[in-house]
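> sequence unknown, structure follows:
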């Protein structure tokens, strides 16, 4: 990877040491008993976009569940230095749109999460609202189209993971993708009409990219275990700019208003993603 930044944090090592020290009494109690098995090393989770709004929460929860976690992002830096869980993540700088960068990144992955995305791309005409809707306050660059940021980065990760050398009968590699609730519109009565006749052009392109990734995952389901999430509006208490609209969405969803789905907290989504790749959900 170009310009890899590998931040080894002292606090992370001390935390792990304290956990090991806490196990000493139990180890002494068992020393007279024959060992029947050895502890397996932690599994490695590779998160594309780990410094983003959803990605950082996935990283935190994966670390807390015992995963070894690595993140690939443009910044390649911990978005919240001092956070005990995020300090344990291996932060790598690279371009998810570069196939070689991604191939190197996922080569040792036991599971992969794709959390790269944006709501308003450079061609949407709405980039001025990006800092409002983006949980990480990112702004689209000149090449930040839905096709490049969503489809191309995900295709790179899917191809790199699926095409790795595999042992015969090896289990499929879990691959989680954050799609969107609107991807399911064709399955809802009147959904196709709303998408074709009512939805703005930028949203239709957004959905084309999301659905392309979902289809690509299904095509590679012999080697990958697709874990696809279709959340509605994602929020957190710290993101004050979207809080006023949350009750509106939830009330409309509760009343059965068509094409309005209940919102979800980013932490809840992250918990579900980690459970999904672990096989718990």
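Structure received. On a predicted model such as this, the values are computed, not experimentally measured, just so you know.

> Tell me who's in contact with residue 171.
residue 225 (C-beta atoms under 8 Å, 6 or more residues apart in numbering). (C-beta placed from N, C-alpha, C; glycine too.)

> whoops, residue 218 was the one
Residue 218 makes contact with residue 226, according to C-beta under 8 Å, 6+ apart.

> at 10 Å instead, please
Counting by C-beta atoms under 10 Å, 6 or more residues apart in numbering, residue 218 touches 224, 226, 228.

> Average pLDDT for stretch 199-214, rounded please.
When pLDDT is averaged over stretch 199-214, the result is 96.

> what's the span of stretch 77-91, first residue to last?
Taking C-alpha to C-alpha, to the nearest Å, the first and last residues of stretch 77-91 lie 6 Å apart.

> cool, stretch 259-268 as well?
21 Å.

> what does stretch 171-189 give?
Start-to-end, stretch 171-189 (C-alpha to C-alpha) is 37 Å.

> and what of stretch 257-275?
Terminal-residue distance, stretch 257-275 (C-alpha to C-alpha): 30 Å.

> cool, stretch 238-250 as well?
Span of stretch 238-250 from end to end, C-alpha to C-alpha: 18 Å.

> what about it, average pLDDT?
Averaging pLDDT along stretch 238-250 yields 84.

> Export the contacts of residue 218 to a markdown table and append columns for distance to residue 235, pLDDT and neighbour count.
As requested, the contacts of residue 218 are exported to a markdown table (distance: C-beta to C-beta, whole Å; pLDDT from 0 to 100; neighbours: other C-beta atoms under 10 Å):
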| residue | distance to residue 235 | pLDDT | neighbour count |
| --- | --- | --- | --- |
| 224 | 30 | 97 | 21 |
| 226 | 26 | 97 | 19 |
| 228 | 21 | 98 | 16 |
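
> so which of those residues would you say is closest to residue 116?
Within these, the smallest distance to residue 116 is 14.8 Å, found for residue 228 (C-beta to C-beta).

> Tell me the helix or strand right after the helix or strand that contains the closest one.
According to DSSP states H and E, residue 228 maps onto strand 224-229. With elements assigned by DSSP H and E, the helix or strand that comes after strand 224-229 is strand 234-235.

> Partner strands of that next one and their direction?
strand 264-265 (parallel) (DSSP bridges).

> Tell me what angle the longest helix seen in the chain forms with strand 224-229.
Looking across the chain with DSSP state H, the single longest helix is helix 201-219. Interaxial angle, helix 201-219 versus strand 224-229 (axes from the mean of the first three to the mean of the last three C-alpha atoms, to 10 degrees): 150 degrees.
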